[in-house]
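**Student:** turn this into a model:
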Amino acid sequence: MSNDLERLGRDVVGRRRELEIVVAALRADRHIVLEGPPGTGKSTLLRAVARAVGVGFEFVEGNAELTPARLVGSFDPARVLNEGYAADAFMDGPLVTAMREGSLLYVEEINRVPEETLNVLITVMSEGDLSVPRLGRITAAPGFRLVAAMNPFDSIGTARISGAIYDRVSRVAVGYQSHDDEVAIVLRNAPEVDAKWVDGVVRVVRATREHADLRTGSSVRGAIDTALVARSLAELRGVAATDDTVARDAALTSLSGRVRLREGVTRTAEDVILEIWNAIFAPTRESGDAGKAGAPTGATNSR
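**Tutor:** Got it, this is the predicted structure:
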């Protein structure tokens, strides 16, 4: 297990506790659901675990269009006309593929999946097999597990999943990572960007999660995009990525669509983001270089 975790540490920043729990649950042959806000690395963690423990991985995007037929599979109409309902005429869906191969079935955003489709998963989790009309019974090979990710119930477009699902899974709560971990994530994606400036960008993003006017803040993806857009925009304008005008434009572009205002707030998302940005970044007055973004407020203080 320690070797698995060492390999995982190269793919996932932080998350030691969550990694240990997920690996242990899979080794115990348990189904798993990771629950947490968008952008907290749930998918990254599960994909990394699948690679590290050497198991197959069938991906399913959870949404309102995921019907039982799309999940399980269906007969090819043309072949049925020629061959009848023969086993070879059945086109396996991701669930059947994972069951036959003993792989992980990863369902992203499981709480967006229709109830009738979830009922199919409940049957498989309970019995370890599935009856398909005109095809017969399919028994899950050793190693098959359901691993799912879900956003909190109050996220847009989500619904509560039934107690029957919760009763059959091990639930791992995943929150936002630490400040230092998020800085490391951004630098991993934009290693050439100034680390001190990235520290300030991460502070801006984390502040959106606590601002009184915002119902939903940005994930670390907003910080990653801010750094990448600033780098590209700086090349177009012939200035540094930390130039205040470049950095503000990059932040507005990267964050304004990710945050959600509370009901009744008359300000725009851009107004709130600029307020936060100005509170974190101050112009460098001592050097007279007003065109550059200064160090983030408190960046040199111990955390």
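
**Student:** please count neighbours and contacts with C-alpha atoms only from this point.
**Tutor:** OK.

**Student:** in the stretch 1-150 of the chain, which spans are strands?
**Tutor:** In the stretch 1-150 of the chain, strands defined by DSSP state E, counting those that start in this stretch lie at 32-35, 57-61, 73-75, 90-92, 104-108, 129-132, 136-139, 145-150, listed in chain order.

**Student:** quick one, what contacts E101?
**Tutor:** Neighbour list for E101: G56, A140, A141, F144 [criterion: Cα atoms under 8 Å, 6 or more residues apart in numbering].

**Student:** cutoff 7 Å now
**Tutor:** Contact analysis of E101 by Cα atoms under 7 Å, 6 or more residues apart in numbering lists A141.

**Student:** what does the domain assignment say about the protein?
**Tutor:** Here the domain assignment for the chain is 2-173, 179-296, based on automatic domain parsing.

**Student:** number of residues surrounding R231?
**Tutor:** Each residue near R231 was counted by other Cα atoms under 10 Å, and the total is 21.

**Student:** in the sheet, who's paired with V107?
**Tutor:** The residues paired with V107 through beta bridges, assigned by DSSP bridges, are V60, A148.

**Student:** look up how far T97 lies from it.
**Tutor:** When distances are taken as Cα to Cα, to the nearest Å, V107 and T97 turn out to be 14 Å apart.

**Student:** look up the closest residue to W277, ignoring the ones flanking it.
**Tutor:** Excluding its sequence neighbours, the residue lying closest to W277 (Cα to Cα, 6 or more residues apart in numbering) is V204, at 6.0 Å.

**Student:** secondary structure element for that neighbour?
**Tutor:** Assigned by DSSP states H and E, V204 belongs to helix 195-208.

**Student:** which neighbouring elements make contact with that helix?
**Tutor:** helix 179-189, helix 220-237, helix 269-280, strand 293-296 (3 or more Cα pairs under 7 Å, 6 or more residues apart in numbering; DSSP states H and E).

**Student:** now those in JSON lines, with mean pLDDT?
**Tutor:** Converted to JSON lines, those look like this (pLDDT from 0 to 100):
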{"stretch": "helix 179-189", "mean pLDDT": "93"}
{"stretch": "helix 220-237", "mean pLDDT": "95"}
{"stretch": "helix 269-280", "mean pLDDT": "94"}
{"stretch": "strand 293-296", "mean pLDDT": "46"}
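
**Student:** is it true that I165 lies in a helix?
**Tutor:** Yes - remark: I165 belongs to a helix, assigned using DSSP: H, G, I helix; E, B strand; the rest coil.

**Student:** ok, back up a step: can you put the helices and strands packed on helix 195-208 in CSV and add distance to Y166?
**Tutor:** Below are the helices and strands packed on helix 195-208 laid out as CSV (distance: least, Cα to Cα, whole Å):
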stretch, distance to Y166
helix 179-189, 30
helix 220-237, 28
helix 269-280, 36
strand 293-296, 43
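
**Student:** to R262, which of these lies closest?
**Tutor:** For these, proximity to R262 was assessed by Cα to Cα; helix 269-280 is nearest, at 10.2 Å.

**Student:** just how off-centre is that closest one within its chain?
**Tutor:** Chain-centre distance of helix 269-280: 25 Å, with Cα atoms, centre = their mean, to the nearest Å.

**Student:** any idea how far E61 is from L71?
**Tutor:** In this view, L71 and E61 are 10 Å apart by Cα to Cα.

**Student:** looking at the two, which is more packed in?
**Tutor:** With other Cα under 10 Å as the criterion, L71 and E61 differ in neighbour count, and L71 comes out ahead with 19 against 14.
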